[in-house]
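Enquirer: Mind folding the following:
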Amino acid sequence: MVGYMRIVSGMAGGIRLEAPDGRGVRPTGDRVKESLFGSLGDICGWTVVDLFSGSGALGLEALSRGAKTVHFFERDRRTVRYIEKNLTRVRTAMNGQEGETEVHTLPAERAPRRLPSLCGSVDLVLADPPYHPRTGEYGSEKLLEDADFAAWANGALLVLEHETGTDLPWLPKSPWKVLKVKRFGTQCLSFARQRVQPEQTET
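Expert: Modelled structure (predicted):
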């Protein structure tokens, strides 16, 4: 069985995407995506990293809205095929105007080692980890406490999707300070940075 969603806006707005049913893939709904990217505003020219990519819906939405570069990280090879299929659809809809993309069949925690050249230059990290990770699994808590990831992503805006009511290690338990939280029933989007520059006031 295959689930469906769509690109909400941008050059590929309306294009339908596919996601495999089950196997831990939990596509972000259109309402949540619209709110997320509406909060971000203009992302033209941004470098984006989509961790725990699943179908690639978040990174593809960023691409459609003008991101310069999007890196997808998904560890499951079978799920990666959906990212690649969806990426082909989005590129076709954008008629060759897309930014650069790269799909990494690797777990999220490998991003700093895979892309060391991006250290300190990532604009946006989109992360949708498992809501209930198994013992030792790399989920929201480990991501926030990961010193290597923090050093690599310093200066980036992190948008973390998680379950409402989850107790997460924000500042001072980790380097990440919450700037804003948007709730959608059982889902939450937390916007966070390690450093907030005076001119980068979040609304």
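Enquirer: Can you classify the residue nearest to the spatial centre of the chain by secondary structure?
Expert: Taking CA atoms, centre = their mean, the centroid of the chain lies closest to L126, which sits 2.1 Å from it. Classification of L126 by DSSP: H, G, I helix; E, B strand; the rest coil places it in strand.
Enquirer: For G59, see how far away it is.
Expert: 7 Å (CB to CB, to the nearest Å). Quick note: C-beta positions are derived from backbone N, CA and C, even for glycine.
Enquirer: and if you look at M5?
Expert: Distance check for M5 against G59: by CB to CB, it reads 13 Å.
Enquirer: Neighbour count for the two, which is higher?
Expert: Remark: of M5 and G59, G59 carries more neighbours, 29 against 19, as counted by other CB atoms under 10 Å.
Enquirer: so the more buried one makes contact with V70?
Expert: Yes - using CB atoms under 8 Å, G59 is in contact with V70, at 4.5 Å.
Enquirer: shared neighbours, the two?
Expert: 48, 50, 101 (CB atoms under 8 Å, 6 or more residues apart in numbering).
Enquirer: Buried only: go through those for me.
Expert: Burial by neighbour count, 16 or more other CB atoms under 10 Å: within these this picks out 48, 50, 101.
Enquirer: give me the beta-bridge partners of the first one?
Expert: Beta bridges link V48 to V70, L124 when assigned by DSSP bridges.
Enquirer: Check the last one too.
Expert: According to DSSP bridges, the partner residues bridging T101 are V70.
Enquirer: which residues of this structure score low on pLDDT?
Expert: Along the chain, segments meeting pLDDT under 70 span 1-4, 22-26, 195-203.
Enquirer: Can you show me the helices along it?
Expert: 30-40, 57-64, 77-94, 111-114, 140-145, 147-152 (DSSP state H).
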